[in-house]
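*Asks:* have a look at this prediction, sequence included:
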Amino acid sequence: MKKTALITGASRGIGRAIAMSFGQAGYNLVITCSKTETALLDLAYVLEKNYHVDVLTSVGDVSDYHYLEQLFQSIAERFGTVDVLINNAGISHIGLLSDMTIEDWNHIVATNLTSVFATSKLAIPGMVSKKSGKILNISSVWGNVGASCEVAYSACKGGVNSFTKALAKELAPSNIQVNAIACGCIDTQMNACFSDEERFELEEEIPAGRFGKPEEVGALALQIVTGNHYLTGQIITLDGGWI
């Protein structure tokens, strides 16, 4: 039987590239997004047509636990359990902490960190029952070192990193591996906020001399999930030597 991978935030950018990598590898897929349903349906069509895999799409807010409960019920009816969980959905917030509202803070924490708890909580029972599973969290280099004017985002990604390390120890006896990719500057819509001058200056700082490609994240995600089963609790940095 084909394995099933759930990828949150899959309609574009890194999530889309990960879905393409796993579809090409023959995984059935559950792909979600919060708003861009047309892009999500287009991706599902491409995956089904090119790779002949079964794709379940879902539009909803990953910070809403009740939505995620319904999603996992749909997964149970369609595929049974999830073999691979990839927590990719996330939002950024750029600005001074002193200008940030409590509503802004709660929203970014719920989307970037609490959702990782919720999806993991819902996926783990099925993985434990099979004594097999992979959880991969898409993090950021700012979770490693922090970034000025991105305090909330950095805090969330730092939390994701610690969550990854702790959960890996908890689930290792059940043969479930938990890892994270700490991405540097990846050429996605999230980083489209930079002007040409700012982008050039950033590229000058990166030893590799360029932004990373979403497809490179997708390839690494598949490699981690399908590779060494002794690898767990690791935060793997993909940043072209930047940080």
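*Replies:* Sure, I can see it.
*Asks:* residue ranges with poor pLDDT in the protein?
*Replies:* Counting by pLDDT under 70, the chain shows no low-confidence range.
*Asks:* quick one: residues in contact with the top helix by length along the chain.
*Replies:* Longest helix of the chain, by residue count under DSSP state H: helix 151-171. With Cβ atoms under 8 Å, 6 or more residues apart in numbering as the test, helix 151-171 has contacts from 87, 90, 92-94, 97, 100, 104-105, 108-109, 112-113, 116-117, 120, 124, 127-128, 133, 135, 137, 139-140, 142-144, 146-147, 177-180, 182, 232-235. Heads up, the C-betas are built off the backbone N, CA and C, glycines and all.
*Asks:* report the buried members of those.
*Replies:* For the contacts of helix 151-171, a neighbour count by 16 or more other Cβ atoms under 10 Å gives the buried set as 87, 90, 93, 105, 108-109, 112-113, 116, 120, 124, 127-128, 133, 135, 137, 139-140, 142-144, 177-180, 182, 232-235.
*Asks:* name the nearest residue to residue 31, ignoring sequence neighbours.
*Replies:* Excluding the flanking residues, the one nearest residue 31 by Cβ to Cβ, 6 or more residues apart in numbering is residue 10, at 3.8 Å.
*Asks:* count the residues that sit near that neighbour.
*Replies:* Other residues within reach of residue 10, judged by other Cβ atoms under 10 Å, total 33.
*Asks:* tell me how far it lies from residue 228.
*Replies:* Residue 10 is 25 Å from residue 228, where distance means Cβ to Cβ, to the nearest Å.
*Asks:* same deal with residue 146?
*Replies:* Per Cβ to Cβ, residue 146 is found 30 Å from residue 228.
*Asks:* would you agree residue 138 is in contact with residue 90?
*Replies:* Yes - counting by Cβ atoms under 8 Å, residue 138 sits close enough to residue 90 to count as a contact (7.1 Å).
*Asks:* and residue 179, that one's in a helix?
*Replies:* No - remark: residue 179 does not belong to a helix; assigned using DSSP: H, G, I helix; E, B strand; the rest coil, it is strand.
*Asks:* so it sits right up against residue 229, yeah?
*Replies:* No - taking Cβ under 8 Å as the contact criterion, residue 179 and residue 229 are not neighbours in contact, 11.2 Å apart.
*Asks:* centroid-nearest residue for the chain?
*Replies:* Most central in the chain under Cα atoms, centre = their mean is residue 88, positioned 1.7 Å from the mean C-alpha point.
*Asks:* my guess is that residue contacts residue 12. True?
*Replies:* No - between residue 88 and residue 12 there is no contact under Cβ under 8 Å: 10.6 Å.
*Asks:* for the nearest residue to residue 114 once chain neighbours are set aside, the count of nearby residues, please.
*Replies:* Closest residue to residue 114 apart from its sequence neighbours, by Cβ to Cβ, 6+ apart: residue 63 at 6.2 Å. By other Cβ under 10 Å, 21 other residues sit near residue 63.
*Asks:* before we move on, what about residue 151?
*Replies:* For residue 151, the neighbour count with other Cβ under 10 Å is 18.
*Asks:* then residue 230?
*Replies:* Counted with other Cβ under 10 Å, residue 230 comes out at 7.
*Asks:* distance of it from residue 177?
*Replies:* Taken as Cβ to Cβ, the span from residue 230 to residue 177 is 8 Å.
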